[in-house]
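Novice: Sequence below, structure please.
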Amino acid sequence: METNPFKKDSTQYHDWEVLKDLKWHCTKCDLQSGQAKTWQVWRQEKGIQLDKDEKGNWYKNILCPTCGIKTVHRKLKSLAILDETKSRSGISAYLARKVKNFYNNEEAIFLREFSPRELEVDHKFPQIRWKSDEEENKSSMTNDEIKQKFILLTRSNNLLKSRQCEKCVKTGIRGNFPGIYFWYDGNKNWNGIDEYDENGCIGCFWYNPYKWREELNNKVNNK
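Specialist: Below is the predicted model of the structure:
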């Protein structure tokens, strides 16, 4: 049996102890990790195997007997921890350095330069909308391919982006830069063909902060 992989007394240690019975648990009543990004990291970087619902989601919306409402539940598929984390994350250490060099270590939200260790390579298209984990990205990706696919975020802003995207999936209402209700393509309503359609994200600040600023500045300057 696998031992708890997290530091004792941490939030994630607590959640592992709850989930190790391999049953569905309410994220409101039983679990302390409330961010979708946390569970993506568990699965893609830590090698922890989470279970899916009947629709292929890494969670299950079911009635919680404790709080009496329908909530998001999480479940471990197995206590075995996989080693192939690089193939699940899809980004090798070499490619991560390449992306950071391309962006000159500039964080996409506030355009500040950070040390490389403070930055995370994040997919513009949120993982919560993926049908399945992607294959490993080639280290030979061109600058255009990097620009098309990735941005750099600090850990806190990466979590903030994840919260915005998770809310969009649940409500169909796209996120905005705080207090600025502008989408350079479409409007506040997410309008993809299905929940996995990347085209539904185009125009949103959280999908492409650089393009969003460019289009907003064009509108302001043209006026």
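Novice: Give me the distance between residue 106 and residue 13.
Specialist: Distance of residue 106 to residue 13, computed by CB to CB, to the nearest Å: 34 Å. Using the backbone N, CA and C atoms, a C-beta is placed for each residue, glycine as well.
Novice: helices and strands of the chain: which one bottoms out on pLDDT?
Specialist: Sorted by mean pLDDT, DSSP states H and E, the helices and strands of the chain end with helix 85-89, the least confident at a mean of 45.
Novice: Going toward the C-terminus from that one, what's the next helix or strand?
Specialist: helix 93-102 (DSSP states H and E).
Novice: Just to check, residue 112 is in contact with residue 103?
Specialist: No. Residue 112 lies out of contact with residue 103 (CB atoms under 8 Å); the separation is 11.5 Å.
Novice: Which one's more surrounded, those two?
Specialist: Higher neighbour count among residue 112 and residue 103: residue 103, with 18 against 11, using other CB atoms under 10 Å.
Novice: which ones are touching the more buried one?
Specialist: By CB atoms under 8 Å, 6 or more residues apart in numbering, the contact list for residue 103 reads 151-152.
Novice: For it, give its distance to residue 117.
Specialist: 15 Å.
Novice: tell me the domain boundaries of the chain?
Specialist: 11-86, 90-222 (automatic domain parsing).
Novice: worst average pLDDT in these?
Specialist: Lowest mean pLDDT within the domains of the chain: domain 11-86, at a mean of 87.
Novice: From the chain's centroid, how far away is that domain?
Specialist: Centre-to-centre, domain 11-86 and its host chain are 15 Å apart (CA atoms, centre = their mean, to the nearest Å).
Novice: neighbours around residue 51, how many?
Specialist: Neighbourhood size, residue 51 [other CB under 10 Å]: 18.
Novice: Touching, it and residue 59? I think so.
Specialist: No. Residue 51 is beyond contact range of residue 59, at 9.0 Å (criterion: CB under 8 Å).
Novice: quick one, helices of the protein?
Specialist: 11-19, 36-44, 85-89, 93-102, 143-149, 155-171, 209-222 (DSSP state H).
Novice: Can you check which of those helices gets nearest to residue 197?
Specialist: Within these, the stretch nearest residue 197 is helix 155-171; the backing value is 12.1 Å (CB to CB).
Novice: Check what contacts that closest one and list those residues.
Specialist: The contact list for helix 155-171 (CB under 8 Å, 6+ apart) reads 35-37, 40, 107-110, 118, 120, 122, 126, 128-129, 153, 173-175, 190, 195, 204, 206.
Novice: Out of those residues, which sit inside strands?
Specialist: 120, 122, 153 (DSSP state E).
Novice: Nearest spatial neighbour of the second one, chain-adjacent residues omitted?
Specialist: The one in question is residue 122. residue 153 (4.8 Å; CB to CB, 6 or more residues apart in numbering).
Novice: who are the neighbours in contact with the one you found?
Specialist: By CB under 8 Å, 6+ apart, residue 153 lies in contact with 107-109, 119-120, 122, 161.
Novice: Select, from those, the two members most distant in space.
Specialist: 119 and 161 (13.3 Å).
Novice: rewinding a little: may I see the ones in strands among the contacts of helix 155-171 organised as CSV, with distance to residue 73 added?
Specialist: What follows is those, written out as CSV (distance: CB to CB, whole Å):
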residue, distance to residue 73
120, 27
122, 26
153, 28
